[in-house]
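Asker: Curious how this folds, go ahead:
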Amino acid sequence: MLFAVTVINYAVRAALSLAAPSLSKELGIDALQLGWIFSAFGWAYVVAQLPGGWLLDRFGAPRVYFWAIVIWSLVTAAHGAVVMLSGATAVTALFALRFLVGFAEGPSFPGNARIVASWFPARERGTASAIFNAAQYFATVLFAPLMGWIVADFGWPWVFVTMGAFGLLAAGIWPTVVRNPREHPRLGEAEMALIVEGGALVDPPAAAPVVDREADKSETRRKMRVLLCTPTLWGMYLGQFFVNALTFFFITWFPVYLVQERGLSVMKAGMFATLPAICGFAGGVLGGIWSDWLLRRGVSLTVARKLPIVSGMLMALIIVACNYATSDTMVLLFMSLAFFGKGVGAMGWAVMADVAPRDSAGLSAGIFNMFGNISSILTPIVIGYILKETHSFNLVLLVVAGCALAAALCFLLLVGKIERIGEK
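Answerer: Numbers count the residues shown, from 1 in each chain. As a prediction, this is how the structure comes out:
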């Protein structure tokens, strides 16, 4: 269920990109205005991480996540109504709607991590986290052709209406599938004992009303001090920032690279983007399976998590070889290998599920996601500036490779022993 909802989550993010050519022409929106509209999601998503994490800890992930899905689905469908506007009014409306989508999606990945921490023992957590994290690649494979067809045959507003409908369908199924472990009717005593023994956080925080507000504020400040003053967490925050730089290069500039730098048609670029996405998905799942296999073989949790991360990020350095490739086939090969490595190394959410303090798992995941998604704001801007100055992607690919190397070094050198913070 987490995988399916995350696929829809990323498809909703990509809907505007696929609708943009037709939308901008019809509504009279220029490239600069479109850039501001694209940025609205990232600003809101980053801002939403702390309140989203707090809500997850206060009211429980299943309930908060359900309402997040409902809200982002309704707001996504509302994008279609902008067809009645034009010019500055359309720009303002789209910016506001994208901002609301970003804010509503804020609790999604921290919620994924919180639910995985609640349901899975440590030795299965890597695979579970890899599966929901790999959904970002599968979303491109599954929904990009569908949305392209809808734009071509029915018009861009129906892309948003369709994705909103998919979200509401997922929200309707959610309550019957996702619950806290002790509330789920299909969970037997043997499985409960298994996940508790394996370190799962089966007891969510109570949603009791606050009696002593000063004590509550003091406790919140204490949690924040732990989350902002622990060196291992800072290594994870920085590492996730650099990992996400690769993600947002793929989401935003990769198709442009294929068209402008390699001279492919838009249709052929779309086909090319599919294979790296499939490789990223496969790498993401295999990275989690590899990590959990190491753990079952008796390897320490620290080595079992760090080895796939560092190995995958180092493999992603092969993206630089695209600067020297003479054929489209070689570019496709190098990009596919790079994103396979990135998928293998994208284990940050599994580590977060392993180390998050029991009393602030949602808040810690929110901070982790907040730092990681600053890349959604900075990466497109930095790449755009480099292209404006150099008119080439050569330096861009070097920067992307540098981010992969920096991510490997952060998890290798800055992240210490992987264990739950606050417990022996």
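Asker: drop to CA atoms for contacts and neighbour counts, all remaining ones
Answerer: Noted.
Asker: So which bits of stretch 371-380 are buried?
Answerer: Neighbour counts using 16 or more other C-alpha atoms under 10 Å place 371, 372, 373, 374, 375, 376, 377, 379, 380 of stretch 371-380 among the buried residues.
Asker: Contacts for it next, please.
Answerer: 39, 42-43, 45-46, 237-245, 248-249, 252-253 (C-alpha atoms under 8 Å, 6 or more residues apart in numbering).
Asker: what do you get if the cut-off is 7 Å, keeping everything else the same?
Answerer: Contacts to stretch 371-380, defined as C-alpha atoms under 7 Å, 6 or more residues apart in numbering, come from residues 39, 42, 43, 46, 237, 240, 241, 244, 245, 248, 249, 252.
Asker: element containing the nearest residue to the fourth one once chain neighbours are set aside?
Answerer: What that stands for is residue 46. Of all residues not flanking residue 46 in the chain, residue 370 sits nearest, at 4.8 Å (C-alpha to C-alpha, 6 or more residues apart in numbering). Element membership of residue 370 [criterion: DSSP states H and E] is helix 361-372.
Asker: One more: residue 232?
Answerer: Per DSSP H and E: helix 231-248 holds residue 232.
Asker: what's downstream of that helix, the next helix or strand?
Answerer: helix 254-256.
Asker: what's the neighbour count on the closest residue to residue 111 other than its chain neighbours?
Answerer: Leaving aside its chain neighbours, residue 111 sits nearest to residue 61 (5.4 Å; criterion: C-alpha to C-alpha, 6+ apart). Applying other C-alpha atoms under 10 Å, we find 28 other residues in the vicinity of residue 61.
Asker: mind listing what residue 61 touches?
Answerer: By C-alpha under 7 Å, 6+ apart, the residues touching residue 61 are 111, 114, 115.
Asker: How much space separates it from residue 75?
Answerer: Residue 61 sits 21 Å away from residue 75 when distances are taken as C-alpha to C-alpha, to the nearest Å.
Asker: Next, work out how far apart residue 297 and residue 280 are.
Answerer: As judged by C-alpha to C-alpha, residue 297 and residue 280 stand 26 Å apart.
Asker: whoops, I mixed them up, residue 63
Answerer: Separation of residue 63 from residue 280 (C-alpha to C-alpha): 31 Å.
Asker: who's more crowded, these two?
Answerer: More crowded of residue 63 and residue 280, by other C-alpha under 10 Å: residue 280, with 29 against 17.
Asker: Isn't the more buried one up against residue 335?
Answerer: No. When contacts are counted by C-alpha atoms under 7 Å, residue 280 is not listed as touching residue 335 (9.8 Å).
Asker: Check which helix or strand residue 56 maps to.
Answerer: Residue 56 is part of helix 49-59, with elements assigned from DSSP H and E.
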